[in-house]
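Asker: fold the following and give me the result.
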Amino acid sequence: MPGAPGTPGAGSADGRGADTGSADGRADGSADGSVTRTVTTWFLEQTAPEDLVGVRSADEPSGLRIVRAEVPEPAFSRFLYSEVGEDVEWTDRLPWPRERWREWLERPGVETWVAYEQGTPAGYIELDGATGDTSGRGTRPGASVEVSYFGLLPRFRGRGIGKRLLAYGVRRAWDMAARWEGRLPTARVWLHTCSKDGPYALRNYQRRGFRIFAKEVTKEPAPAPAPVAAAGGRAVDGAAVAVRAPGPRPAPD
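Answerer: Below is the predicted model:
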């Protein structure tokens, strides 16, 4: 789920299940008439490679391969970001110009691992080993790696690809020092996910061995309903529509 709470690597791949208000699911109205929603964010971590609970190899005869995009290419990374996150409102990087993408991708310790099914990109996991860890939560000397983005393109969700991509990507976070000269061994892998990410996100991370170490509950403005196309193709304003959940998208089991 990525950067700010609710935008790391980790959002759910289908079944949105956004928490849009009070505990009983109602939206909250503020004094000025705006609608807010309650968002719960969970911060999770692993502090040893043995914490990772594995799944079968991606290369077993399923047609799935996971490959690192070793040549930083802003257009390709933007494609993955926008296509995986389009229906969950990943928006923080959409304004980035090409040079901003390049600066991010070329930092030592930033890696993009892409899942391909029969040659077609199915999803990706982005590891950020370049941003310093100021949490003080490392249990031994070493570097920290964040799972900053993770998810699948829509047609590849719900087929078990997500758990395999996540497990593979976390293994690569733990062995990152082998690929970057002079880098300290990984001492901590962490991420965050939130209630906007659907019913599978938190469970998927916990099944891979991540443990919750912090939790936040906040309120934020609820997205305005989008116009709905009528039978003749015209937009109908004010119609009831499903609220799309923003944030990163981890794939379900």
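Asker: all strands in the stretch 151-253 of the chain, in order from the N-terminus.
Answerer: 186-194, 211-221, 228-229, 235-236 (DSSP state E, counting those that start in this stretch).
Asker: then the stretch 1-150 of the chain?
Answerer: So, for the stretch 1-150 of the chain - with DSSP E, counting those that start in this stretch - the strands run 28-29, 35-46, 64-68, 110-117, 120-128, 143-152.
Asker: so which of these is the most packed in?
Answerer: Per-stretch averages of neighbours, counted by mean count of other C-beta atoms under 10 Å, single out strand 143-152 among these, with a mean of 27. Yep, even glycine has a C-beta here, placed from its N, CA and C like the rest.
Asker: and the angle from that one to strand 110-117?
Answerer: 30 degrees (axes from the mean of the first three to the mean of the last three C-alpha atoms, to 10 degrees).
Asker: who are the packing partners of strand 143-152?
Answerer: Under the contact criterion of 3 or more C-beta pairs under 8 Å, 6 or more residues apart in numbering; DSSP states H and E, strand 143-152 touches helix 74-85, strand 120-128, helix 161-174, strand 186-194.
Asker: ok, which of these comes nearest residue 220?
Answerer: strand 186-194 (10.2 Å; C-beta to C-beta).
Asker: before we move on, back to that, and the strands of the stretch 151-253 of the chain as TSV, adding mean neighbour count?
Answerer: Formatted as TSV, the strands of the stretch 151-253 of the chain follow (neighbours: other C-beta atoms under 10 Å):
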stretch	mean neighbour count
strand 186-194	27
strand 211-221	12
strand 228-229	12
strand 235-236	10
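Asker: okay if I get the ones you listed as CSV plus mean pLDDT?
Answerer: What follows is the strands of the stretch 151-253 of the chain, written out as CSV (pLDDT from 0 to 100):
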stretch, mean pLDDT
strand 186-194, 93
strand 211-221, 92
strand 228-229, 52
strand 235-236, 36
